[in-house]
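[1] sequence unavailable; structure follows:
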Ligand SMILES: Nc1nc2c(ncn2[C@@H]2O[C@H](COP(=O)(O)OP(=O)(O)OP(=O)(O)O)[C@@H](O)[C@H]2O)c(=O)[nH]1
């Protein structure tokens, strides 16, 4: 397969926008599947993990490969649930382009914003698909507006729908003026065959007028964004813009898309089998081939497999720009980049560095240049944790093995041992994340585990400056270790630096101590930050100034660290501790009739309503709520709204708890209430 005929494409969306349904239709029309999968029946190809089938959601990014016309499309389905943003990030970094699927009756929803930002970060050209055009509330203009205002993107509308709501039957392509109509007369009609012909003067005059206007607008918009197209119009076609050849028009839209000056917008209804084939055409026409993006690393592996959801086909070789799987890697974890040799990696880094320096006009630092080749995956901090226990101690080793394997696959899962109880602790992104891990340990590793209660990952900070001293004088065997230290801890505004804490030395101390002692002091301060004085949660928003350090000859560096961390603990204990709690941004979409009960419930959860917007018949409630109050929210919301409301939750910030809530938390933790 020639590289320029390959498309490595991600498909991303808000939960329930219809990503899986759209992917299934693509597979069907390309001839890879012989029956239409249905998410509601739990038999789709991409949602292959058992839990996904049961819960009707997408967790792991499944890759599927299929051919469309003369193109090979490698498609990665990314999950929409907010607990799994790491999966999305992992998928996005190997992609050359993406399709964002929207529910045309809802426009841009919260989770799409997060994924869109990630795509932006990786500079991935996108195409938007306004799905669910068959819904009565579907609105093209509303969706376009929300792409502009919420995503801050420039929508380039390439089609207009024929009919609306239940009467939606097809599309007119504004570039070619092709009129495509899917009859969809019966349930058995799979949409494979549809009528496609150029618009004629005898067609509905209203439609003709609408197409003329929209096409004129599109020509002007593209000319504004692409100089080459503007020159073409002003030269050869200045008398009649409308006569510009479709091929030239398409090339211009492609340049605009690749330069990310605009996003092509298409519409359809995957469920009703309308508009998916033109979407596939748009993927091949407007999104980049691998050689047009910057991933030109060559791979050689012992066993290569072509993914087709949960089935894999072994292949002998792979050319650059394709996506495949390899098995048996022992050291590699998610987020690593594998290259054929160190030399090629170095050459790629040099090329990337040179390019970046030319662009910037100055040299890059070592740190900047080492991060150039492939952007790493950003792992968000886990907000929930709980203990996990095997059924019997004899299974502990098996459980550790299972957790090791799961962690390599999913860096957003963190596992640690509680220093006091010796228990194994799972830290994850959300209730559902932890529940699914629990399930996978049972199904894939055959271990029935017991989970402790789910707990919120709090943080701690201080409200006052305190200076303390500490002396460590200990004899171990023949050796006497003596350290004296003085330091000051103070509240620190982290927003200025982007780091959560700060260490400084007084000038005299800096001049006096050796590099090794300094390292030992730093590590003592850092270990002091790991466990706050109130509840033992990590400390943030604190600066430490080292005022003096005296180390007697013969004292080991470990003793220096120990003395400093004891001094830190003492200082933090005296500095008026404050618990910080994770506060989430919540978006609830709910029918007006249920709004008051949802609001009433939120008030009891210490929620703070920021805005209530109208979206067709629904209200969209934007609020911030402490994570601790959100346990089991999905069940409660379902009950309050008779199953009609949807919500999304994203970490907004860590905020100080009010004194009353903090006291009751401290009492609860101490077992007093
Ligand atoms: N009316 C209408 N419903 C649709 C359309 N496409 C999908 N749906 C329905 O919307 C729901 C969600 O579809 P999915 O394809 O599972 O959505 P998804 O975005 O993959 O969801 P996650 O996997 O959970 O992220 C299902 O009940 C579909 O039947 C459409 O074009 N029109």
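    Received, thanks. The structure presented is a predicted model; accordingly, all values stated were derived computationally and were not measured. Numbering: from 1, shown residues only.

[2] what is the longest helix of the protein by residue count?
    Counting residues, the longest helix found in the chain (DSSP state H) is helix 205-225.

[3] who are the packing partners of that one?
    The contact analysis (3 or more C-beta pairs under 8 Å, 6 or more residues apart in numbering; DSSP states H and E) places helix 205-225 against strand 155-157, strand 159-162, helix 227-234, helix 246-258. Where C-beta positions appear, they are placed from N, C-alpha and C, glycine not excepted.

[4] which positions in it come out as buried?
    For helix 205-225, the neighbour count (16 or more other C-beta atoms under 10 Å) marks 208, 211, 214-215, 218-219, 221-223, 225 as buried.

[5] of the residues you listed, closest to the ligand?
    Ranked by distance to the ligand (C-beta to the nearest ligand atom), those are led by residue 214 at 22.0 Å.

[6] thought the closest one was touching residue 157?
    Yes: using C-beta atoms under 8 Å, residue 214 makes contact with residue 157 at a distance of 6.7 Å.

[7] what do those two both touch?
    residue 174 (C-beta atoms under 8 Å, 6 or more residues apart in numbering).

[8] show me what from the stretch 101-250 of the chain comes close to the ligand.
    Within the stretch 101-250 of the chain, the positions near the ligand by C-beta under 6 Å from any ligand atom are 131-132, 134-135.

[9] looking at those residues, spot the one nearest residue 354.
    Of all these, the one sitting nearest residue 354 is residue 131; the distance, using C-beta to C-beta, is 42.6 Å.

[10] contacts only, for the nearest residue to that closest one once chain neighbours are set aside.
    Leaving out its chain neighbours, the residue that sits closest to residue 131 by C-beta to C-beta, 6 or more residues apart in numbering is residue 18, at 4.3 Å. Listed by C-beta under 8 Å, 6+ apart, the contact set of residue 18 reads 101, 103, 131-132, 270-271.

[11] can you give me the strands in the stretch 1-150 of the chain?
    Per DSSP state E, counting those that start in this stretch, the stretch 1-150 of the chain carries strands over the ranges 6-13, 62-68, 71-77, 97-103, 126-131.

[12] just for the stretch 151-300 of the chain, where's the confidence low?
    Residue ranges of the stretch 151-300 of the chain with pLDDT under 70: 184-188, 293-296, 298-300.

[13] one step back: okay if I get the strands of the stretch 1-150 of the chain as a markdown table plus mean pLDDT and mean neighbour count?
    Listed next are the strands of the stretch 1-150 of the chain as a markdown table, based on pLDDT from 0 to 100; neighbours: other C-beta atoms under 10 Å:
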| stretch | mean pLDDT | mean neighbour count |
| --- | --- | --- |
| strand 6-13 | 85 | 25 |
| strand 62-68 | 79 | 20 |
| strand 71-77 | 83 | 23 |
| strand 97-103 | 92 | 25 |
| strand 126-131 | 96 | 27 |
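
[14] how about those in CSV, adding distance to residue 175?
    Shown next, in CSV, are the strands of the stretch 1-150 of the chain (distance: least, C-beta to C-beta, whole Å):
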stretch, distance to residue 175
strand 6-13, 19
strand 62-68, 18
strand 71-77, 18
strand 97-103, 18
strand 126-131, 14
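
[15] closest one to residue 307 among those?
    Checking the strands of the stretch 1-150 of the chain against residue 307 by C-beta to C-beta gives strand 62-68 as the closest, at 4.3 Å.

[16] quick one, helices of the stretch 501-650 of the chain?
    Ranges of helices in the stretch 501-650 of the chain, per DSSP state H, counting those that start in this stretch, are 507-512, 515-530, 557-574, 592-604, 633-640.

[17] the inter-axis angle of the longest one versus helix 515-530?
    Between the axis of helix 557-574 and that of helix 515-530 there is an angle of 40 degrees, by axes from the mean of the first three to the mean of the last three C-alpha atoms, to 10 degrees.

[18] by contact count, what packs against helix 557-574?
    Looks like helix 557-574 contacts strand 466-476, strand 479-491, helix 515-530, strand 542-551 (3+ C-beta pairs under 8 Å, 6+ apart).
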